[in-house]
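In: test case, fold it:
(one chain, ligands or ions: 2)
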Amino acid sequence: MTSTTAKDSNLGLLRQYWVLTKPRVTQLAVFCAVIGMFLATPGLPDLSKVACATVGIWLLAAAAFAINCLIEQQVDAKMLRTARRGTAAGTIPPTQVLLLSGLLGGAGMLILYRWVNPLTMWLTFATFVGYAVIYTVILKPRTPQNIVIGGLSGAMPPALGWAAIADAVPAQAWLLVLIIFIWTPPHFWALALYRTKDYASAGLPMLPVTHGEKFTRLHILLYSVALWATTLLPYVIGMSGLLYLALATLLGAWFVFNAYRLFRSYSDELARKLFRDSIIYLSLLFAALLLDHWVVIQ
Ligand code: HEM
Ligand SMILES: CC(C)=CCC/C(C)=C/CC/C(C)=C/COP(=O)(O)OP(=O)(O)O
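Out: Ligands and ions are numbered 1, 2, ... in the order given. Take a look at the predicted model:
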């Protein structure tokens, strides 16, 4: 092998490890955690704590995703979307994934314990167990409510961020958790609709597989309306101002309109669009919380 091809294949392998950590999901989850950190205090938070908490939460999330890929290697191999993962394709040995997760997770726990606080470490560890064990092993193969109940772990990032700065998780932080919790079903079921065949062939009881496409579209719409209402609560309880209220109202109207379009008539294209929009929606909603917070500080 020439040195260029050796370098290329090393890069290829590194990329395969990187993919196991589901980097884009982690980015948005960590973004929500960081917003939690900035909202946790009236002024600017201690930036070195923000940096350590961000790295610690990132590392534990990456470890959780790698473990999920390891546990699901056979299921992933049956689905088009996931079959290329190194764990599913058999190009990365399980022992290496365990080692990688142990190292990332261990480093994350240490950073959170030593430079953030034990509360954040334990909450992030509980989130790790909630996702990698309770969701992946217990709920996902058993019930179409898997992503609703398991969604609690995915919704935790703002509470983790808040705990990192305030060393406590007050009601305002739990409200942000509730928003992501209610956002998760439309986010996931939109994807599950255009990937129904994949999930059916892997034997996973996702809602469109067990209850059909129409029932799923209705539930996406109902959750989207509930989400719109829930996102107004930060203003109602006085944690955000009029700027947030205006932005959340507009974003909610846009998201519900898209969910309604999908409810009225189904196409894979519309479902794919709603899935993509769900990510843009959550990113902008959390950005709006921060923007509003800063306007209040000025
Ligand atoms: C139980 C809860 C959740 C489930 C079941 C779920 C499911 C999924 C799935 C299956 C994908 C893969 C799409 C693909 O491969 O094309 C995905 C993508 C994504 N999810 Fe979620 N998700 C959940 C929660 C979350 C949370 C809490 C966040 C962030 C706060 C998030 C952010 C994202 C992002 C950014 C992507 C896009 C990844 C990409 O484009 O590569 N998800 N989600
Ligand atoms: C410790 C810590 C902060 C953990 C992160 C928790 C978190 C953000 C979970 C999100 C849940 C998620 C992306 C599930 C993906 O579904 P899936 O696993 O069923 O997707 P797949 O079919 O692509 O494997």
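In: of all of the stretch 101-250 of the chain, which residue lies closest to ligand 2?
Out: residue 154 (3.2 Å; C-beta to the nearest ligand atom). Every C-beta, even on glycine, is put in place using the N, C-alpha and C of the backbone.
In: and that residue, how many neighbours?
Out: Neighbours of residue 154 under the rule other C-beta atoms under 10 Å: 23.
In: ok, now which ones touch it?
Out: When contacts are counted by C-beta atoms under 8 Å, 6 or more residues apart in numbering, residue 154 touches 29, 131, 180, 184.
In: near ligand 1 at all, stretch 221-231?
Out: No: contact of stretch 221-231 with ligand 1 (C-beta under 6 Å from any ligand atom) is absent, the minimum separation being 12.5 Å.
In: return that stretch as PDB; C-alpha atoms alone will do.
Out: Extracted in PDB, the C-alpha atoms of stretch 221-231 (Å, rounded to 0.1, in the frame of the first residue of the first chain):
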ATOM      1  CA  LEU A 221     -50.400  17.100  13.900                       C
ATOM      2  CA  LEU A 222     -51.700  16.700  17.500                       C
ATOM      3  CA  TYR A 223     -48.200  16.800  19.000                       C
ATOM      4  CA  SER A 224     -47.300  19.800  16.800                       C
ATOM      5  CA  VAL A 225     -50.300  21.800  18.100                       C
ATOM      6  CA  ALA A 226     -49.400  20.800  21.700                       C
ATOM      7  CA  LEU A 227     -45.800  21.800  21.000                       C
ATOM      8  CA  TRP A 228     -46.900  25.200  19.700                       C
ATOM      9  CA  ALA A 229     -48.900  25.700  23.000                       C
ATOM     10  CA  THR A 230     -46.000  24.500  25.200                       C
ATOM     11  CA  THR A 231     -43.500  26.800  23.500                       C
END
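In: and the next element down the chain from the helix or strand residue 199 falls within?
Out: Using DSSP states H and E, the element containing residue 199 is helix 196-202. Where DSSP H and E defines the elements, the next helix or strand beyond helix 196-202 is helix 207-231.
In: that following helix - what's its average pLDDT?
Out: For helix 207-231, mean pLDDT is 98.
In: and what of stretch 286-298?
Out: Taken as a whole, stretch 286-298 has a mean pLDDT of 87.
In: other residues contacting that stretch?
Out: Residues from elsewhere that reach stretch 286-298, judged by C-beta under 8 Å, 6+ apart: 31-32, 35, 38-39, 42-43, 158, 176, 234, 240-241, 243-244, 247-248, 251.
In: next, the buried residues of it.
Out: Neighbour-count burial for stretch 286-298, counted by 16 or more other C-beta atoms under 10 Å, picks out 286, 288-290, 292-293.
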